[in-house]
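**Q** with the input below, show me the fold.
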Amino acid sequence: MDKDLKYTYDKNNEMIIDNCNTLSLAKKYGSPLYVVSESILRNRCQLFSDIMKELYPNSIISYASKAFCCKAIYNLIKEYNFACDVVSGGEIFTTIKAKFNPEKIYFHGNNKTLDEIKFALKNKIYNFVVDNVDELETLENLVKSSKLLENKINILVRVNPGVEAHTHEYIQTSKTDSKFGINIESGEAEKFILRVCQNTKLNFMGLHYHIGSQIFDVKPFGLAAKKVMEFVSMLKKKHNIDVKILNSGGGYGVWYTNKDPNLKDEDYKKFIKAVVVEVKKAVSKDNLVEPTLVIEPGRSLICEAGFTLYTVGNIKEIKGVRKYVSIDGGMFENPRYALYQAEYTAVKCKTENKKTEKVTIVGKCCESGDCIIKDAKIEKLEKGDVIAVLSTGAYNYSMASNYNRNPVPPVVLLNKGKSRVIVKGQTYNDLIKYDL
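**A** Numbers count the residues shown, from 1 in each chain. Next comes the predicted model:
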């Protein structure tokens, strides 16, 4: 499969993903249906591996689990020697069941509960990205008398460089007013790190920062790295503290609609190079220890490999106003439009190559805001047609719910004409499983 070609149409004008016929998939597995192209995912994994080997061999690629996590995906990324980050007890549990190496698991989160922390330590996960003073105090109290510890806890301090990336405010994470991280400019981060270093059972390893998601501009990556490396230099000069690991997060943009750049391999390389340049410059200038550089792609690995198939239901046209096309899914398996007006592209799986319609594609939930695409340009649709919404690999399944008691659909992995279920779809019995 061509790495730049997400889908094709066969001689019958039927949509093909990873050599699998989408109409056949919908018939076999039902709809709505999440599908993931293994070829696209593997191409992106290999891309980031190649970029890091070229630009900065002393590096780790850590998959951001929150984009989409299940055992099959963890097993796939293990083949590329990736690490992964987790943000909850549930994600930790999934990594354990996938037999992921605990030494390659990084525990993130701004409000890790005591039970989650104990669960991580019990399973020998010792890499903690610490986000705030309260969390540090919890760890300090635990290590005083904990029988869970076989090793020191490795600490990465999440700092906030105060760089605002141009993206939706809900996915900006590095501005001064943020629930994430400890501010550098105020001096809080410096005091925090000194406190970590004073505890003999905590092992200060370095820093983590992340400026946001869905970023297409190279400049914020370089600017944030510059600010953080200035802080790294200060720690060395003033306190003789070495930063052994620098985790620069992720946030690289992906294509959802034609409003977005369709990034090529070289574009992703530029994002990472902007960070690498600043790191190498500071290491050379200030004679620093060369840190292991960690990047955390999540959306940029899995998003464009994912598609969601739907069957068209009722169609309502309000003359001179709008045409509504209802589908058998909705905000229960893709809440991102309802959450922050995320935009998507839909295509008809049996094409006539004439995008003559402008319709609003809506879900089946009892909410006016249950919309998937507003004013979508698409071919004429009729009840029973199958459509595919593109770039749904990230934050669709992972954000799914049972709103209106709708079952979460299955996830099917496609690879060179073969398909297999990697997450079972829920049944109605699953919905009442915990009812008393």
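**Q** where along the stretch 301-436 of the chain do the helices fall?
**A** With DSSP state H, counting those that start in this stretch as the criterion, the stretch 301-436 of the chain has helices at 336-340, 428-431.
**Q** same check, this time on the stretch 151-300 of the chain
**A** Assigned by DSSP H, counting those that start in this stretch, the stretch 151-300 of the chain shows helices spanning 188-198, 219-239, 265-286, 299-302.
**Q** ok so, going back, among the helices of the stretch 301-436 of the chain, which is nearest residue 119?
**A** The closest of the helices of the stretch 301-436 of the chain to residue 119 is helix 428-431. By CB to CB, the value is 24.4 Å. (Glycine included, C-beta is placed from N, CA and C.)
**Q** and that closest one, what does it pack onto?
**A** Using 3 or more CB pairs under 8 Å, 6 or more residues apart in numbering; DSSP states H and E, no helix or strand is in contact with helix 428-431.
**Q** how near is the nearest residue to residue 136 once chain neighbours are set aside to residue 69?
**A** With CB to CB, 6 or more residues apart in numbering as the criterion, residue 136 has its nearest non-adjacent residue at 5.6 Å, and that residue is residue 130. Separation of residue 130 from residue 69 (CB to CB, to the nearest Å): 22 Å.
**Q** out of these two, which sits in the more crowded spot?
**A** Set side by side, residue 130 and residue 69 show more neighbours around residue 130, with 28 against 24, by other CB atoms under 10 Å.
**Q** that one against residue 139, yeah?
**A** Yes: using CB atoms under 8 Å, residue 130 makes contact with residue 139 at a distance of 7.0 Å.
**Q** common neighbours of the two, please.
**A** Both residue 130 and residue 139 are contacted by residue 155, under the criterion CB atoms under 8 Å, 6 or more residues apart in numbering.
**Q** show me what the residue nearest to residue 136 is bridged to.
**A** residue 157 (DSSP bridges).
**Q** who's in contact with it?
**A** Residue 130 sits next to 136, 139, 155-158, 196 when contact means CB under 8 Å, 6+ apart.
**Q** can I get those in TSV including neighbour count?
**A** Shown next, in TSV, are those (neighbours: other CB atoms under 10 Å):
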residue	neighbour count
136	20
139	22
155	24
156	26
157	24
158	25
196	20
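**Q** farthest pair in those?
**A** Pairwise over those, using CB to CB, the maximum falls at 139 and 158, 13.6 Å.
**Q** show me what counts as buried in stretch 343-356.
**A** Using 16 or more other CB atoms under 10 Å as the test for burial, stretch 343-356 gives 343-349.
**Q** also stretch 195-204?
**A** Within stretch 195-204, judged by 16+ other CB under 10 Å, the buried ones are 195-196, 199, 202-204.
**Q** what would these look like in a markdown table with pLDDT and distance to residue 95?
**A** Shown next, in a markdown table, are those (pLDDT from 0 to 100; distance: CB to CB, whole Å):
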| residue | pLDDT | distance to residue 95 |
| --- | --- | --- |
| 195 | 97 | 29 |
| 196 | 97 | 25 |
| 199 | 94 | 27 |
| 202 | 95 | 23 |
| 203 | 96 | 21 |
| 204 | 98 | 24 |
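**Q** going by distance to residue 101, which of these wins?
**A** Nearest to residue 101, judged by CB to CB, of those is residue 203 at 18.3 Å.
**Q** I figured the closest one hits residue 157, correct?
**A** No: counting by CB under 8 Å, residue 203 stays clear of residue 157, with 11.9 Å between them.
**Q** and the gap between residue 20 and residue 125?
**A** Residue 20 is 36 Å from residue 125, by CB to CB.
**Q** next: residue 146.
**A** In terms of CB to CB, residue 146 sits 14 Å off from residue 125.
**Q** what's the answer for residue 157, then?
**A** According to CB to CB, residue 157 and residue 125 sit 17 Å apart.
**Q** and for the closest residue to residue 52 other than its chain neighbours, the neighbour number?
**A** Excluding its sequence neighbours, the residue lying closest to residue 52 (CB to CB, 6+ apart) is residue 59, at 4.3 Å. Residues within reach of residue 59, counting by other CB under 10 Å, total 20.
**Q** residue 59 and residue 287, how far apart?
**A** Using CB to CB, one gets 21 Å for the distance from residue 59 to residue 287.
**Q** quick one: contacts for the nearest residue to residue 34 once chain neighbours are set aside?
**A** Nearest residue to residue 34, sequence neighbours excluded (CB to CB, 6+ apart): residue 411, at 4.4 Å. The neighbours of residue 411, taking CB under 8 Å, 6+ apart as the test, are 34-36, 70, 397, 421-423.
**Q** for those residues, work out which two are farthest apart.
**A** Distance extremes for those: the farthest pair is 35 and 70 at 13.6 Å, using CB to CB.
**Q** more neighbours: which of the two?
**A** residue 35 (26 against 19).
**Q** secondary structure class for the more buried one?
**A** strand (DSSP: H, G, I helix; E, B strand; the rest coil).
**Q** which residues are in contact with it?
**A** Going by CB under 8 Å, 6+ apart, the list of residues near residue 35 reads 17, 20, 22, 25, 306-309, 411-414, 419.
**Q** could you measure from residue 106 over to residue 336?
**A** The gap separating residue 106 from residue 336 is 25 Å, by CB to CB.
**Q** and residue 395, by the same measure?
**A** From residue 395 to residue 336 the distance is 6 Å (CB to CB).
**Q** those two - which one has more neighbours?
**A** Between residue 395 and residue 336, counted using other CB under 10 Å, residue 395 has the larger neighbour count: 23 against 18.
**Q** okay, now residue 144: neighbour count?
**A** 9.
**Q** let me know the pLDDT of it.
**A** Predicted confidence (pLDDT) at residue 144: the value is 86.
**Q** looking at this, it is in a helix?
**A** Yes: with three-state DSSP as the criterion, residue 144 is located in a helix.
**Q** got a list of what it touches?
**A** So residue 144 contacts residue 201 (CB under 8 Å, 6+ apart).
**Q** still on that earlier bit, could you dump the contacts of residue 411 to JSON lines with distance to residue 184?
**A** Putting the contacts of residue 411 into JSON lines (distance: CB to CB, whole Å) gives the following:
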{"residue": "34", "distance to residue 184": "39"}
{"residue": "35", "distance to residue 184": "42"}
{"residue": "36", "distance to residue 184": "38"}
{"residue": "70", "distance to residue 184": "36"}
{"residue": "397", "distance to residue 184": "35"}
{"residue": "421", "distance to residue 184": "46"}
{"residue": "422", "distance to residue 184": "41"}
{"residue": "423", "distance to residue 184": "40"}
